[in-house]
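# Just to be clear, the model below is a prediction. Sequence and coordinates:
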Amino acid sequence: VQLVESGGGLVQAGDSLRLSCVASGGTFSRYSMAWFRQAPGKVRRFVGGILWSGVSPYYEDSVKGRFTISRDNAKNTVYLQMSSLKPEDTGVYYCAADRFFRAARNRDDYDYWGQGTQVTVSS
């Protein structure tokens, strides 16, 4: 499975941004998907995830109420809608796919990764 993220950029605090991740080479609808982010000098951390059905996405506490994950299985795409962005949201955002049906938050549970897209939020 190949994953390609897009949609990153430089925005100001309070702005919104939508990231996309397009999958190819596998049966997208069978994968649980997630977004992670990595700030400079820090480890890659879970942001949010979504199961194959798209029902009940789950999030890391700091983004709840601001970020929304959705997926379109017909388009092999998962989205991360980010609003009320803060400088601490800055980082490289990665899309990841898990072959199993589970609400995983651990990096090691994910089998496939994209190359990442940079999000920079200025104050």
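Okay, I see it.
# who does the nearest residue to residue 102 once chain neighbours are set aside bridge with?
Distances taken as Cβ to Cβ, 6 or more residues apart in numbering place residue 32 nearest to residue 102, at 6.3 Å, with adjacent residues excluded. All C-beta atoms are positioned from the backbone trio N, CA, C, and that covers glycine. On the basis of DSSP bridges, residue 32 is bridged to residue 98.
# gap between residue 32 and residue 104?
Distance, residue 32 to residue 104, by Cβ to Cβ, to the nearest Å: 7 Å.
# tell me, what's touching those two both at once?
Overlap between the contact sets of residue 32 and residue 104, as judged by Cβ atoms under 8 Å, 6 or more residues apart in numbering, is given by 49, 98.
# So these two - more neighbours on which side?
residue 32 (22 against 18; other Cβ atoms under 10 Å).
# pLDDT value on the more buried one, please?
Model confidence at residue 32, given as pLDDT, is 95.
# Check residue 54 too.
Listed pLDDT for residue 54 reads 82.
# Wait, it touches residue 74, no?
No - assessed by Cβ atoms under 8 Å, residue 54 is found out of contact with residue 74, at 11.3 Å.
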